[in-house]
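In: Here is my input, please return the structure:
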Amino acid sequence: MPEVDAAQLKAAVESQHGGTATLVQSVPVKETFAGKTVWEGTVSVFDLKDNRNATRAYAWSSPIEGSTKRRFFAVLHTERINSPVEAVRAAIMAEQRGTRG
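Out: Numbering: from 1, shown residues only. A predicted model of the protein is given here:
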């Protein structure tokens, strides 16, 4: 399944977090755990204007298993989430917490 374009990711950032997003760069990310790839793809980095919580955001999408649709992720830059890799890790951890209970 092909990756989505930057305009779709920009829309995801703006709809989930508000403000105006401007694409800065796209970064390939491969996240592994216990020697296995848990996520691999491209994370787009956006500067974010008019958002009171952050000046940067990270966005990407992943296919939904058993579907032709995609799930969009948009994670705000924070002190702890300060790179595309950290954004992916935070999203994976949030999903894991959500499925445990």
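In: ok, the spatially most central residue of the chain - contacts?
Out: For the chain, the residue nearest the mean C-alpha position is A59 (3.3 Å; Cα atoms, centre = their mean). Counting by Cβ atoms under 8 Å, 6 or more residues apart in numbering, A59 makes contact with L9, K10, A12, V13, A21, V43, S44, F46, F72, F73, A74, V75. The C-beta positions use only the backbone N, C-alpha and C, and glycine is treated the same way.
In: all helices for this protein, in order.
Out: Assigned by DSSP state H, the helices in the chain fall at 6-17, 84-100.
In: For the last one, buried residues please.
Out: Of the residues in helix 84-100, those scored as buried under the neighbour-count criterion (16 or more other Cβ atoms under 10 Å) are P84, E86, A87, V88, R89, A90, A91.
In: now those residues in JSON lines, with pLDDT?
Out: What follows is those, written out as JSON lines (pLDDT from 0 to 100):
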{"residue": "P84", "pLDDT": "98"}
{"residue": "E86", "pLDDT": "97"}
{"residue": "A87", "pLDDT": "98"}
{"residue": "V88", "pLDDT": "97"}
{"residue": "R89", "pLDDT": "95"}
{"residue": "A90", "pLDDT": "95"}
{"residue": "A91", "pLDDT": "94"}
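In: between those residues, which is closest to N51?
Out: Checking the buried residues of helix 84-100 against N51 by Cβ to Cβ gives A87 as the nearest, at 15.3 Å.
In: Please report the distance of that closest one from D5.
Out: In this view, A87 and D5 are 19 Å apart by Cβ to Cβ, to the nearest Å.
In: With L76 instead?
Out: Taken as Cβ to Cβ, the span from L76 to D5 is 21 Å.
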